[in-house]
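[1] Predicted model follows, preceded by the sequence.
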Amino acid sequence: MASTSRRKTIRVSIAIADAVSWYCAIILLGLILLASIRENSSTAEPVKGNQLLDRPCDEIYVVGEGETLHTISDKCGDPFIVEQNPHIHDPDVFPGLVIKITPSKPRKLLRLFERS
């Protein structure tokens, strides 16, 4: 009789341990999912004013939709885009065109001269 009671106790203990491990696994999975959702939905500050103009352009620039050589030149501070990119034959540029940018002056210095 003692061995039957002992077997029941062991079975109940194993069942409880299995249930607890499943609950822990589900809770851990939920925490991982919650952390990944929070990480993906970070609340970045909205872009205000001329913050986009302050962003430096990379040396290799890919033309975006609606951009012209003039807007790219103003944005990146490079007035000699056509001279440095012999593959540009027409002043009309198209999205996806890769061009080389060499800013002549930092954007902040250009703003100081514009204000004067």
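    Nice, thanks for sending it over. Residues are numbered from 1 along each chain as shown.

[2] going forward, measure contacts between C-alpha atoms and count neighbours the same way
    Fine.

[3] For burial, what's the neighbour tally of the closest residue to residue 57 other than its chain neighbours?
    In this structure, residue 57 finds its nearest non-sequential neighbour in residue 76, 5.4 Å apart by C-alpha to C-alpha, 6 or more residues apart in numbering. By the measure other C-alpha atoms under 10 Å, the count of residues near residue 76 is 25.

[4] Same check on residue 26?
    Residue 26: 12 neighbours (other C-alpha under 10 Å).

[5] Report whether the expected contact of the residue nearest to residue 57 with residue 60 is present.
    No: Residue 76 is not in contact with residue 60 according to C-alpha atoms under 8 Å; the separation is 11.2 Å.

[6] Need the residues touching each of those two.
    residue 101 (C-alpha atoms under 8 Å, 6 or more residues apart in numbering).

[7] Stretch 23-42 - what's its average pLDDT?
    Stretch 23-42 carries an average pLDDT of 82.

[8] Near the residue nearest to residue 64 when sequence neighbours are not counted, how many other residues are there?
    Once flanking residues are discounted, residue 64 sits nearest to residue 95: 4.7 Å by C-alpha to C-alpha, 6+ apart. Residue 95 sits with 12 neighbouring residues when counted by other C-alpha under 10 Å.

[9] And residue 78, by the same measure?
    Residue 78, neighbours per other C-alpha under 10 Å, totals 22.
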